[in-house]
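Undergrad: mind looking at a prediction? Sequence and model below.
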Amino acid sequence: MRRIEIEHITRYAYQMPVQFLPHKIYVRPREGHDIRIESSSLQITPAFSIDWQRDVFGNSVAMVHFSEGGKLLEIVSRLVVQHYADQPSQVQLAEHACAYPVHYDPIEQIDLIPYQVSVFPQDYADVGAWLQDILSTGTVKDAVSLLNRINEKIAGSIAYTVRAEPGVQSPNTTLSLGRGTCRDVATLFIEACRYCGLGSRFVSGYLVSNAAVEDLATTHAWSEVYLPGTGWWGFDSTSGQMVGGDHIAVAVHRHPEVIPPVSGRFLGPPDCAAKMDVEVHVNIL
């Protein structure tokens, strides 16, 4: 077990005073057998109130309401978590699920349908063409070898880049440019998995080690795939590795664009621009 301290600071500086509308914040890690929250605090400027909620995916969501306006919005999250996961281990599939293509149990299949539907259907053919060198070789014997090959191909062919713009690139854009952020390559991996009939979802969170990412001063994103008999397993397409003890999940969703750490609106003049700064400090205690 490791104790990990996380400080996540988000600042929006406006040119003139504005009125802040409700904001949605995803910063509290998903607790389970591998992650336990030892302590947490959330400090926000200006004056605020919080309604904590659980969304349909079981994520902890802070709905923040403001009683004052101002030129600065600052959100400071401080956490200490206990992380019980080791480094990635070998995935053990149920005996009936060793072969590819994977066939889900009918009871599970009903719930997995949203995770198998493409978010970028216009790129479906391009993703399929990109996968052909893997799928046409006849060497894919099980789902895990398929997933590892897709993950490694993305990490080996798509250059990591820092991009401040919100949202994600479409798979076709990422493939055409040959570069993308962690959230862009996670989206490409998810769409490739869905092309292969596998239930997959987007994960946002924190990365303890910076071995695979040039700029760690931000949050991180990866993917999870549902495998029969073993559940959701994480794949980090930035590094081409499976997810293990260096990853701390905060939120999951079937759509890669709806769980940014902070989202919300404000009322102000049309030409009132904002400057955003994000700092993330992760330390092993």
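TA: Great, that's in hand.

Undergrad: contacts for the helix or strand where Val144 lies?
TA: If you go by DSSP states H and E, Val144 is part of helix 143-157. Residues from elsewhere that reach helix 143-157 (Cβ atoms under 8 Å, 6 or more residues apart in numbering): 91, 93, 97, 100, 102, 131, 134, 139-140, 178, 185, 188-189, 192-193, 196, 198, 225, 227, 235-242. Glycine gets a C-beta too; all of them are placed from N, C-alpha and C.

Undergrad: among these, which are in strands?
TA: Among those, the members falling in strands (DSSP state E) are Val225, Leu227, Phe235, Asp236, Gln241, Met242.

Undergrad: does the second one have any beta-bridge partners, and if so which?
TA: This points to Leu227. Listed by DSSP bridges, the beta-bridge partners for Leu227 are Gly231.

Undergrad: ditto for the fourth one
TA: With DSSP bridges as the criterion, the beta-bridge partners of Asp236 are Gln241.

Undergrad: so who does it touch?
TA: Asp236 neighbours (Cβ under 8 Å, 6+ apart): Asn151, Cys182, Ala212, His220, Trp222, Ser223, Met242, Val243, His247.

Undergrad: could you find the lowest-pLDDT member of those?
TA: The weakest per-residue confidence within the contacts of Asp236 falls on Ala212 (46).

Undergrad: wait, Ser200 touches Glu224, no?
TA: Yes: here Ser200 reaches Glu224: they are 6.7 Å apart, a contact under Cβ atoms under 8 Å.

Undergrad: any idea what sits nearest Val225, other than its immediate chain neighbours?
TA: Ser200 (4.8 Å; Cβ to Cβ, 6 or more residues apart in numbering).

Undergrad: quick one, grab the pLDDT at the one you found.
TA: So, for Ser200, pLDDT stands at 98.

Undergrad: give the contact list for it.
TA: Tyr115, Gln116, Phe189, Ile190, Cys193, Arg194, Ser223, Glu224, Val225, Tyr226.

Undergrad: drop the exposed ones from those residues and show what's left.
TA: Tyr115, Gln116, Phe189, Ile190, Cys193, Arg194, Ser223, Glu224, Val225, Tyr226 (16 or more other Cβ atoms under 10 Å).

Undergrad: and Val282, how far is that from Arg2?
TA: 11 Å (Cβ to Cβ, to the nearest Å).

Undergrad: do Gly70 as well
TA: 38 Å.

Undergrad: and Glu74, how far from Phe120?
TA: Plainly put, Glu74 is 35 Å away from Phe120 if you go by Cβ to Cβ.

Undergrad: re the thing from before, give the buried residues for the helix holding Val144.
TA: In helix 143-157, counting by 16+ other Cβ under 10 Å, buried: Ala143, Val144, Leu146, Leu147, Asn148, Arg149, Ile150, Asn151, Glu152, Lys153, Ile154, Ala155.
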